[in-house]
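Enquirer: let me see the structure of the following:
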Amino acid sequence: MSAFQGTTAPARPGGSGGLERGAGAGNGTGSGAAPGRADAGGVSAAGVSAAGHGTPASVVGLLAQLASVGVDPRRGGYTRAGFSREERTLHEWFVQEATARGLDVERDRNGVLWAWWDVPGGSRSNAVATGSHLDSVPGGGQYDGPLGVASALAAVDWLRVRGLRPARPLAIVVFPEEEGSRFGVACLGSRLLTGRLDPATAAGLRDASGVTLAEALAESGLDARHLGRDQAALERIGCFVELHVEQGRGLIDRGAAVGLGSSVLGHGRWKLRFSGQGNHAGTTLMDDRRDPLVAAAGAVLAVRDAARAVPEARATVGRLQPLPGGTNVIASAVELWIDARHPDDEVTAALLESIHADAAAAAEAEGCSVELTAESVSPTVDFDHALTTRLGEALEGTTSGGLPDGGPALPAARGGVPVLATGAGHDAGVLAAEIPTAMLFVRNPTGISHSPEEYAADEDTETGALALADALQELLLAP
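Expert: Take a look at the predicted model:
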């Protein structure tokens, strides 16, 4: 039994490398609800059945169901690594909530979950897709990822209550290991889906404990031999819209609860490995040392200074690991990871060259060597202009809810719906090379993210779900 009510499990493993049905998932007509989560009519404890019965779930209520999963008492916030027990528990929750709404759930060979609202008699083609991820960075907040998934479920509820009859199928998608906090590659699930990551390379990735991705997949009932680009899955999608908490300050200054994304800043992760001479901290004189940690300390400052010298650049060292890591031991090696970003990909490349040169100088000064390795690199991505414009027109001045009593209204932003660039990477940015994509952002008044202090007001999260429902309605009613 999971931490949630009911006994629905994640999609069952299979050996074919194809799609796997979620336990309790039916044919998309609303009969496969999980025990304890739905009544005989397929109505979730907080949700709307395929027949339109029930009450739309609140985003706040859905997120509250996840509050006990992955709590990190040391860092604060949540630690929900990709392909971990915590992520599997959250995937189980999603399957329960989706099947309770009559959605047909399947898991593909890359570990991506798909929950389908099918068109009666239609095929799964030219579908509208939405969703996000459920994993987190170490000590992350409660909104990054889960807000997009919870909002998608709530949006389906609102569309059902409105009596919407889609002309196109809808899929809610949950991507695994988006943060890359366990295996070092951000947006791992969408990279595998699109072929942006070599399957053999992916299978051999190791986490900090030495566990390979192939081994972690096996624990989740997946076979690494079947990883890779899924052309059939991609061909089913006509467009993808991802809702996400805002990461940075932009909407608060524009008086808007919801905005649209214009682009994703080019970004990447690189590893510097400094090698020196491990030795005894008490018997080795200071002048006799080849200490890679001293060289790494110089490199950390060089990363900061190099980014400061380039307008619009951002560069961060957020993780550093001395080996073997003893208090009374001079390290033999030090690994540190760099996150670097800039709107111009050529500038990002030049920035890394500068950092590498400074790191090499720091290493030489300490009698050490250094090696730079790129772990993942994503170019600057512009979201589909036509799709973004269409959504902007659908959201501007609209009234959400569509209930007989009028329903809640979506507050209009000053001067229309704001369109903002983002410095954060997203699965939508990976998919943009394959299909038209767009993003919705929900206001984060402090701008803090990847932190326990990440925040969105309750009323803004509900407004975001209503905005997503309006966006999906616009797309589902016409090609």
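Enquirer: check contacts around the spatially closest residue to residue 112 that is not a sequence neighbour.
Expert: Among residues not flanking residue 112 along the chain, residue 189 sits closest, at 5.1 Å (C-beta to C-beta, 6 or more residues apart in numbering). (Each C-beta comes from the backbone N, C-alpha and C, glycine too.) Counting by C-beta atoms under 8 Å, 6 or more residues apart in numbering, residue 189 makes contact with 110-112, 133, 175-178, 427.
Enquirer: can you pull out the helices in the protein?
Expert: Assigned helices in the chain, in chain order: 59-64, 85-100, 146-161, 188-194, 199-203, 213-219, 231-236, 292-308, 345-365, 385-395, 427-431, 458-476 (criterion: DSSP state H).
Enquirer: got TSV for those, with distance to residue 277 too?
Expert: Output for those, formatted as TSV (distance: least, C-beta to C-beta, whole Å):
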stretch	distance to residue 277
helix 59-64	50
helix 85-100	39
helix 146-161	46
helix 188-194	36
helix 199-203	31
helix 213-219	33
helix 231-236	50
helix 292-308	8
helix 345-365	12
helix 385-395	55
helix 427-431	41
helix 458-476	53
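Enquirer: now the ones you listed in CSV, please, with extra columns for mean pLDDT and distance to residue 319.
Expert: Output for these, formatted as CSV (pLDDT from 0 to 100; distance: least, C-beta to C-beta, whole Å):
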stretch, mean pLDDT, distance to residue 319
helix 59-64, 96, 27
helix 85-100, 96, 19
helix 146-161, 96, 23
helix 188-194, 96, 17
helix 199-203, 96, 20
helix 213-219, 96, 18
helix 231-236, 96, 32
helix 292-308, 97, 11
helix 345-365, 96, 15
helix 385-395, 93, 34
helix 427-431, 91, 22
helix 458-476, 95, 30
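Enquirer: looking at the ones you listed, which is nearest to residue 418?
Expert: helix 385-395 (9.3 Å; C-beta to C-beta).
Enquirer: okay, buried residues for that closest one please.
Expert: Buried positions in helix 385-395, judged by neighbour count with 16 or more other C-beta atoms under 10 Å: 387-388, 390-392, 394-395.
Enquirer: run through who's touching it.
Expert: 239, 241, 258, 260-262, 410, 416-417, 419, 436-438, 440, 467, 470-471, 473-475.
Enquirer: ok, how many other residues are close to residue 163?
Expert: 8 (other C-beta atoms under 10 Å).
Enquirer: re the thing from before, quick check, nearest of the buried residues of helix 385-395 to residue 361?
Expert: Residue 361 lies nearest to residue 388 out of the buried residues of helix 385-395, by C-beta to C-beta, at 44.3 Å.
Enquirer: follow-up on the earlier one: filter the contacts of helix 385-395 down to the buried ones.
Expert: Buried residues within these, counting neighbours by 16+ other C-beta under 10 Å: 239, 241, 258, 260-262, 410, 417, 419, 436-438, 440, 467, 470-471, 473-475.
Enquirer: what about the strands in the stretch 101-250 of the chain?
Expert: Counting by DSSP state E, counting those that start in this stretch, the stretch 101-250 of the chain has these strands, from start to end: 104-107, 113-117, 127-133, 170-175, 237-245.
Enquirer: mean pLDDT and distance to residue 185 added to those, as JSON lines?
Expert: Below are those laid out as JSON lines (pLDDT from 0 to 100; distance: least, C-beta to C-beta, whole Å):
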{"stretch": "strand 104-107", "mean pLDDT": "97", "distance to residue 185": "20"}
{"stretch": "strand 113-117", "mean pLDDT": "98", "distance to residue 185": "19"}
{"stretch": "strand 127-133", "mean pLDDT": "97", "distance to residue 185": "13"}
{"stretch": "strand 170-175", "mean pLDDT": "98", "distance to residue 185": "12"}
{"stretch": "strand 237-245", "mean pLDDT": "96", "distance to residue 185": "19"}
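Enquirer: dump the ones you listed to a markdown table, plus distance to residue 289.
Expert: Output for those, formatted as a markdown table (distance: least, C-beta to C-beta, whole Å):
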| stretch | distance to residue 289 |
| --- | --- |
| strand 104-107 | 52 |
| strand 113-117 | 51 |
| strand 127-133 | 44 |
| strand 170-175 | 45 |
| strand 237-245 | 46 |
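Enquirer: circling back: can I get the buried residues of helix 385-395 in JSON lines with distance to residue 165?
Expert: Formatted as JSON lines, those follow (distance: C-beta to C-beta, whole Å):
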{"residue": "387", "distance to residue 165": "22"}
{"residue": "388", "distance to residue 165": "26"}
{"residue": "390", "distance to residue 165": "20"}
{"residue": "391", "distance to residue 165": "21"}
{"residue": "392", "distance to residue 165": "25"}
{"residue": "394", "distance to residue 165": "18"}
{"residue": "395", "distance to residue 165": "21"}
